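Undergrad: Provided below for reference: sequence and predicted model.
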There are 2 protein chains.
Amino acid sequence: MNTRLVVIGGVAAGMSAAARAKRHNPSLEVSVFERSGYVSYSACGLPFYISGVVKDVTGLIARTPERFAADGIHVHLKHEAIAIDPGAGTVAVRDLATGTLRDVAYDRLILASGAQATRPNVPGAHLAGVFTLRTVEDADAIKAWLAVQKPRTAVIVGAGYVGIELAESICAHGVDVTVIEAQDQVMPSLDADLAAKVQQTLEDMGIHIQLGARLTSFVGAGLVGDVVARVLGRMSGEAPRMSGDLLRVREVVTSTGSLPADIVILGGGARPAAELARAAGIALGATGAVAVDAEQRTNLPEIWAAGAVGETYHRLLKKPIYFPLARAATLQGRVAGVNAASRREAAGSARFPGTLGTSVVKAFGLTIALTGLTERQAKAAGFDAANVTVTSTSRAGFMPGSERIQTRLVFENGSGRLLGAQMVGGDEVAKRLDVVAAALQAGWTAEDLAEADLTYTPPVAPLWDGSLSAATLAARQIQR
Amino acid sequence: MNTRLVVIGGVAAGMSAAARAKRHNPSLEVSVFERSGYVSYSACGLPFYISGVVKDVTGLIARTPERFAADGIHVHLKHEAIAIDPGAGTVAVRDLATGTLRDVAYDRLILASGAQATRPNVPGAHLAGVFTLRTVEDADAIKAWLAVQKPRTAVIVGAGYVGIELAESICAHGVDVTVIEAQDQVMPSLDADLAAKVQQTLEDMGIHIQLGARLTSFVGAGLVGDVVARVLGRMSGEAPRMSGDLLRVREVVTSTGSLPADIVILGGGARPAAELARAAGIALGATGAVAVDAEQRTNLPEIWAAGAVGETYHRLLKKPIYFPLARAATLQGRVAGVNAASRREAAGSARFPGTLGTSVVKAFGLTIALTGLTERQAKAAGFDAANVTVTSTSRAGFMPGSERIQTRLVFENGSGRLLGAQMVGGDEVAKRLDVVAAALQAGWTAEDLAEADLTYTPPVAPLWDGSLSAATLAARQIQR
C-alpha cells in the first residue's frame, strides 16, 4: 500500500506542502482537508477583492481542486479536522455539508491549519456587521454587507498591515472610515517617525485615525432582516447565529470615546489555529504556536507543521517567533512536503532557513516595507544597534517623475553588520528593500552593501540608491 | 607645505576622488583639471537632455565648481592635461581658452581622464552632422543641429545601451531613426533571444534596425552655413574644423547598403583616454586601459587611476576587464581619493572590490538589465554553466496592471553557484535585478536565492518574484 499523507489546511502552506510532497514522491497518496470552500487562494489578495480591484474571486485562486486532482492530490473542501489521534494514526474529519464524521488514516501528517481570526472579548463582538477576514467566505460576507446594508461609516480595528489595506478597501466603497489602534502609533512594527508619515498619508486621504483606543464594546441597534442574516450566515461559513446576533452594529465604544459604525472589521490579532494540535499532544512553543524544528517536524513522529499554525525561526534573532507571512508559509510548506514525502532518515532532507520578517504594504499610494529588526527590536535582542536614515529618489533626481524614498538602515556597532531596514515611498520601495533583505541573509556589513554593484540609469534608478547612500552613511558612523 | 593632490578629469571618477580625498584629509590641496566646460555632470543623463526630458543642463550637474570651491577644491574648467612628468612630479596643462601652457606640480596624482569617443576610420567620419557623445558640449552640438538643421533622417551607429537610448532621444524630435549594428543582434551583451525581444520593441516603435551592417563611409552634400559651423565648432569644443568638414552628412554607406542621414550619432565604441598615461610610462593592461591594483594604484608611485581611463576588476572573472560604468567609476574614484589622501602605508587603505558589470537601459518603455555573466561568457571563462528562463509578473498575477517580466539566471552546475542574470520588462526590473547582483556578490547558490525572504504584496510584488521562481527552477536543474 502506498504511503498516505494527510494535509490539514489548504491555503499557502498546506497546498505548497501537498504539491511538493506529491512531486517529490509521486507514489504518495495525498489528501487535503480544508474547512472553507476554497483552497490555494491568496489570502493577501482578499482586501483587493473587497475593494473591487480584483473583480472575480477566481482570480485569487492559484490552482483549483480539479487541477490538484489531475495531479493526484485529493482535496476535500468544507471538511474540518476535529481531532488527531497520533497513536492510531488517524484524523477525525467532519464533512461540514452533511455533518458526518469519519476517521481518516494517515502514515504522515502535515498540519497547516493556519491562523484563526479572533474576536475581542467585549460585549457585542458577535453583532451582525462585525467581521473578521481570513477566508474567501469572510470577504464575500463583507462584500454582501457593503452591497446590501450600504454602510456610511466603518471602523477598522487595528492599524497594522491588514488594517491599513482594509481602510483603503472599504474607503473605495465611499464609506467614511475610522481606524482605531490600541497602541500609540499606526503600523506598530515600524519606527514611530515613519509611522507618523504613514498616518499623515492616511489622514490626507480622509481616513480618521484614533490611537491609544482600546475596545470597550460594540453597540447594536435594529435587526437585520432574516434574508440578510441567512445570506451572511451562509457566506461567512460560521455556525448559525443566535437571534441576539442579528442586532446590527451601530457604534464602537473605546477607551477614548464612541464612534458610529455601520460596519466593523477586525483587522488585527490572528492567532495560530493550534488547539487541534495541542489536544493531540503536539508541543506548542512559547508563542502559543506549534513548535517545529528546521525540518518543520513537530515533537510527534510523522507529524510536521507549516505556516501560520506554527512558529517561524528568525534568522537574526536566532529563535522562533510568531509572525505569519505568506512567503514563509509557502517555503515552510515546501520543506514539510519534501520531508514528509521522503523515506525516513533520507539524506538531503529539506530545511527552512528562517525568516527575516520581510513585509510590505501598499495603501493610498504609499508603500511601506521592512526587513530584519528595528533599532528598538535589535537593542531588545541584545545588539549594540544604531541606525541611519536617508532620503533618496526613485530615479535620478533630474528626471521628471522622480519620487522621494525614505530609507532607514539598522546596523550593529563594532561589526558594522546590517540588522534591518525600513523604507517608505512609492511602489518601487519593495524591490529596493529586497536588496537589503538579501544583504541581511548574506550577513553583510554596511560596507558590503555600500559597494554593491547595483543598476543605475537615470529614468529608473539613481546612481546612489537609498540603500547605497544609507549603507555608505552607516559605514561612516559605525562605532568601532 | 600641504600635500598637493592633482586630479585629471572632473566627471564621475575624478570628482568623487577629489571630494573624498578632501574629506579624508582636509589639509590636502586639491586641484582638478577638466578639459570640457563642465564637471560633476551625469554623462548618463545626456541622452535625456538631448530628448528634452531634462530641460536644463544644470539639472545634470551634481555640484558646481563654486560648490567645490567652497569645499576647498579648485576646479579648472577647459584645462587640458597635455603631459605628465612623473620624475619631476608635474603635469603640463593647457588653458584651452587662452592657449597658455603651464606646469602644475603634484605630490599625488589621480588620473581620471575617462574615455574618449572614437570616430571610425572611414571616409567622411568628420563631416558636419556626424556626432559623438561624451560631454555636455557634444549634447549641445547635437541639440543645436536638431534645432537648426531640422533633420528628417538619423542614423545611430551601434545598437548597444547608448545607441538604444539615443534612438529614443532622437526619435523624440520626430526624426526617422535607423540604428545600424555591425554584430548580428541589438544589445550584443544580451543573449540573442532576449535581444530579439528588444529589437521587436524598437521596431514596433518605428525604429529601423540594420544588423550585420559595417560602416563603409559617410557621404556629404551641401555646405553648412558659416554661422552654424561656428556655433557647432564652439559648442562641440573640438578643434576648428577644416573647410572640407563643413560638408553636411547626407548618407551613410554600410556593408548592407546605403541610408539617408541628416544626422549621425556614433553611439558605440568609447576607448580609454589613456594616451597621456602611456606617454608618461604608466602601464596599460591587456585591454589598453590603465592597469590598476585594488587600491587603484598605477605602476608609478604617487599616481592612481579611476574610472573609464582604467581597467575594472571583475568579481566573477577574477581579472581586469574594460567596461566603463558610472557606478564603478564613482566607487573607484572614492577608493583612489581615500588612498591618495592617506599617509603612505596607512592602515585601512580603501580597496575597490570589483564589478559585476551590472547595467541597465530603459528605452521605449522597455527596461533591460543584466548582471554578472551570460551563459556564453561563463562558458568562455571556463565555468560549467547552464541557464533557466522564467516569465513572471510585476505584481500578483490577479492584480490589474501586472506586467510580464522575463528573467534568465545563469548558474554553475555542480556547485549551483549563481553566475549572472538578465531581465527584460518594465521599470521594475532594475531593482529586481539588483537582488541577483547582491546574490552574486554574496556568492550565493540558486538554493540560497530561492529561499530569500523577499517582499510580497499583491499590488507591488508577486509571491514568486522572477528571481525566486528562476532560482527555484535552477536549483532543480543543477547537474551535480
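TA: Noted; the coordinates are in hand.
Undergrad: run the chain-centre distance for stretch A:417-430.
TA: Distance of stretch A:417-430 from its chain centroid, counting by C-alpha atoms, centre = their mean, to the nearest Å, is 18 Å.
Undergrad: same question, stretch A:402-418
TA: Mean-position distance between stretch A:402-418 and its chain equals 25 Å (C-alpha atoms, centre = their mean).
Undergrad: and stretch A:428-440, by the same measure?
TA: Its chain's C-alpha centre and that of stretch A:428-440 lie 19 Å apart, by C-alpha atoms, centre = their mean.
Undergrad: then that stretch to CSV, C-alphas only?
TA: The C-alpha coordinates for stretch A:428-440 follow below in CSV (Å, rounded to 0.1, in the frame of the first residue of the first chain):
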residue,chain,number,x,y,z
GLU,A,428,9.4,50.9,-6.1
VAL,A,429,10.5,50.6,-2.4
ALA,A,430,9.5,46.9,-2.2
LYS,A,431,12.3,45.6,-4.5
ARG,A,432,14.7,48.1,-3.1
LEU,A,433,14.1,46.7,0.3
ASP,A,434,14.7,43.2,-1.1
VAL,A,435,18.3,44.2,-1.8
VAL,A,436,18.7,44.8,2.0
ALA,A,437,16.8,41.5,2.7
ALA,A,438,19.4,39.8,0.6
ALA,A,439,22.2,41.7,2.4
LEU,A,440,20.8,40.5,5.8
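Undergrad: report the mean per-residue pLDDT for that stretch.
TA: For stretch A:428-440, mean pLDDT is 96.
Undergrad: the residue of the stretch 251-400 of chain A found nearest chain B: how many residues sit nearby?
TA: Nearest residue of the stretch 251-400 of chain A to chain B: A:F398, at 3.6 Å (C-beta to the nearest C-beta). Where you see a C-beta, it was placed from the backbone N, CA and C, and this is true even at glycine. Residues within reach of A:F398, counting by other C-beta atoms under 10 Å in any protein chain shown, total 23.
Undergrad: residues contacting it?
TA: A:P458, B:S42, B:G45, B:F48, B:V54, B:G59, B:L60 (C-beta atoms under 8 Å, 6 or more residues apart in numbering or on different chains).
Undergrad: state the next helix or strand along the chain beyond the helix or strand A:D138 falls within.
TA: In this assignment (DSSP states H and E), A:D138 forms part of helix A:136-149. Next helix or strand after helix A:136-149 toward the C-terminus (DSSP H and E): strand A:153-157.
Undergrad: how far away from the center of its chain is the next helix or strand after that next one?
TA: Sequence order places helix A:161-171 as the next helix or strand after strand A:153-157, per DSSP H and E. Relative to its chain's centre, helix A:161-171 lies at 14 Å (C-alpha atoms, centre = their mean).
Undergrad: buried residues in helix A:161-171?
TA: A:Y161, A:V162, A:G163, A:I164, A:E165, A:L166, A:A167, A:E168, A:S169, A:I170, A:C171 (16 or more other C-beta atoms under 10 Å in any protein chain shown).
Undergrad: what's it packed up against?
TA: helix A:46-51, strand A:153-157, strand A:176-181, helix A:192-204, strand A:263-266, strand A:359-363 (3 or more C-beta pairs under 8 Å, 6 or more residues apart in numbering or on different chains; DSSP states H and E).
Undergrad: in CSV: the ones you listed, plus distance to chain B, mean neighbour count and mean pLDDT.
TA: Formatted as CSV, those follow (distance: least, C-beta to the nearest C-beta, whole Å; neighbours: other C-beta atoms under 10 Å in any protein chain shown; pLDDT from 0 to 100):
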stretch, distance to chain B, mean neighbour count, mean pLDDT
helix A:46-51, 6, 25, 97
strand A:153-157, 17, 26, 98
strand A:176-181, 18, 24, 98
helix A:192-204, 14, 17, 96
strand A:263-266, 18, 26, 97
strand A:359-363, 4, 24, 95
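Undergrad: any chance of the ones you listed in a markdown table, with distance to A:L127 too?
TA: Shown next, in a markdown table, are those (distance: least, C-beta to C-beta, whole Å):
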| stretch | distance to A:L127 |
| --- | --- |
| helix A:46-51 | 19 |
| strand A:153-157 | 12 |
| strand A:176-181 | 16 |
| helix A:192-204 | 26 |
| strand A:263-266 | 8 |
| strand A:359-363 | 26 |
